[in-house]
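Undergrad: Here is my input, please return the structure:
(one chain, ligands or ions: 2)
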Amino acid sequence: MMQQIYPVTPHPYSFEINKDFHFAAAHYIAHDDAGKCKHTHGHTYFVNITIAGDELDHTGFLVDFKAVKNLIHKRFDHGLLNDDQAFSDDEPNYFPTTEVIARTIYEVVQAHLNTLANQPACIQVYLRETPTSYCVYRPGKGDKE
Ligand SMILES: Nc1nc2c(c(=O)[nH]1)N=C([C@H](O)[C@H](O)COP(=O)(O)OP(=O)(O)OP(=O)(O)O)CN2
Ligand SMILES: [Zn+2]
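TA: Ligands and ions are numbered 1, 2, ... in the order given. The predicted model follows:
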């Protein structure tokens, strides 16, 4: 399936894991300037999530690959993204664009990682919306790493 080269981000951690998966979802961008994207349409989103850390848990995992996928896939697959509480039709910073969806995936994953004793960190989310369009989100100053 998705076996491609992703951007690499430097980090100080000993372990780095990556999880690939995809989900199908509909969305629309609620602004006239979004052109054809203002109409409801669907994509198969391809996701690569990068997580790093120094400590493994009691199973020898940094974090279970399956748990990472489930956080996003169970929430968004075969849904209308605009209906999810993470997004808004009124505030551009929360329109379900590729950029905002990538940032939201980071936030959902990092919130879960924050509950783990070994404290792994999500350091990159790669989100491909179409064969020719993708976004890379990396936590910045406003995010907890
Ligand atoms: N910065 C962004 N620009 C656009 C977004 C976005 O999320 N962020 N979204 C869209 C559309 O919703 C669409 O999903 C993608 O548009 P586009 O890449 O133009 O799609 P095409 O398949 O038509 O691309 P071609 O390479 O021209 O075939 C628009 N812009
Ligand atoms: Zn779209």
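Undergrad: how about the residues of the protein near ligand 1?
TA: Residues of the chain found near ligand 1 (Cβ under 6 Å from any ligand atom) are C37, T97, T98, E99, E129, T130, T132, S133. The C-beta positions use only the backbone N, C-alpha and C, and glycine is treated the same way.
Undergrad: at 5 Å instead, please
TA: For the chain, the contact set with ligand 1 under Cβ under 5 Å from any ligand atom comprises C37, T97, T98, T130, T132, S133.
Undergrad: Filter those residues down to just the ones in helices.
TA: Here DSSP state H is the test, and the residues of the chain next to ligand 1 give T98 as lying in helices.
Undergrad: Tell me the buried residues within the residues of the chain next to ligand 1.
TA: Listed as buried from the residues of the chain next to ligand 1 are C37, T97, T98; burial here means 16 or more other Cβ atoms under 10 Å.
Undergrad: could these be laid out in CSV, adding pLDDT?
TA: CSV is the format used below for those (pLDDT from 0 to 100):
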residue, pLDDT
C37, 96
T97, 98
T98, 98
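Undergrad: Of those, just say which sits nearest to I51.
TA: Among these, T98 lies closest to I51 (Cβ to Cβ), at 20.6 Å.
Undergrad: so what's the closest one up against?
TA: Residues counted as contacts of T98 (Cβ atoms under 8 Å, 6 or more residues apart in numbering) are L127, E129, S133, Y134, C135.
Undergrad: repeat that for 10 Å
TA: H27, H43, Y45, L127, R128, E129, T130, S133, Y134, C135, V136, Y137 (Cβ atoms under 10 Å, 6 or more residues apart in numbering).
Undergrad: again, but for N93
TA: Going by Cβ under 10 Å, 6+ apart, N93 touches E99, V100, R103.
Undergrad: Kindly report the same for H112.
TA: Residues in contact with H112, defined by Cβ under 10 Å, 6+ apart, are V63, A67, V68, N70, L71, P120, C122.
Undergrad: can you check P10 too?
TA: I123.
Undergrad: rewinding a little: give me the buried entries from the contacts of T98.
TA: By neighbour count, with 16+ other Cβ under 10 Å, those hold H27, H43, Y45, L127, R128, E129, Y134, C135, V136, Y137 as buried.
Undergrad: Pretty sure F95 sits against H27.
TA: Yes: F95 lies in contact with H27 (Cβ atoms under 10 Å); the separation is 8.7 Å.
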